[in-house]
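Chemist: Using only what follows, build the 3D model:
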Amino acid sequence: MNKTDTPENSLIPSQDKDTKYFAQLTRVNEYLKLNTASRFMVAVYTDIPIQNICRYVNMLYKCNSIAVIKKDKCRISGKFVEFLSTNPELFPKSNQLTLF
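Modeler: Residues are numbered from 1 along each chain as shown. Predicted coordinates for the structure are as follows:
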């Protein structure tokens, strides 16, 4: 095999680095639709690193797809944290006054 030749299986779509992260984002989104949880709880229950969870939560914030439901003690760490959800039915109602 020459240096310019590539193996036949080198470009398998499942090995693409972005598909792994997209799958993780989808798992986080689906988990938070069903459960209200802290970031650390999501990391423990989904087996996704906490750094990635924080990145995905920030991405979902930018899209207005996630909301803080309450602030309470985490069941795992015992610290006072935000509990998040992507379920639109659980989003807090806006206190913004309407103009018209």
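Chemist: Could I get the full set of strands for this protein?
Modeler: Secondary structure of the chain, counting by DSSP state E: strands at 67-73, 80-85.
Chemist: and the shortest one, how far from the chain's centre?
Modeler: Centroid separation for strand 80-85 versus its chain: 13 Å, with CA atoms, centre = their mean, to the nearest Å.
Chemist: What helices and strands are in contact with the top helix by length along the chain?
Modeler: Taking DSSP state H as the criterion, the chain has its longest helix at helix 17-34. Under the contact criterion of 3 or more CB pairs under 8 Å, 6 or more residues apart in numbering; DSSP states H and E, the helices and strands touching helix 17-34 comprise helix 39-46, helix 50-62, strand 80-85. Just so you know, the C-beta spots here come from the backbone N, C-alpha and C atoms, and that holds for glycine as well.
Chemist: looking at the strands of the chain, which is buried most?
Modeler: The highest average neighbour count among these, using mean count of other CB atoms under 10 Å, belongs to strand 80-85 at a mean of 18.
Chemist: Could I get the average pLDDT for that one?
Modeler: Strand 80-85 shows a mean pLDDT of 95 in the predicted model.
Chemist: Next up, phi/psi of Pro49, please.
Modeler: Note on Pro49: backbone dihedrals following degrees, to the nearest 10 are phi -60, psi 140.
Chemist: Next, count neighbours for it.
Modeler: Counted with other CB atoms under 10 Å, the neighbours of Pro49 add up to 11.
Chemist: Do I have it right that it meets Arg39?
Modeler: No. Under the criterion of CB atoms under 8 Å, Pro49 makes no contact with Arg39, lying 11.0 Å away.
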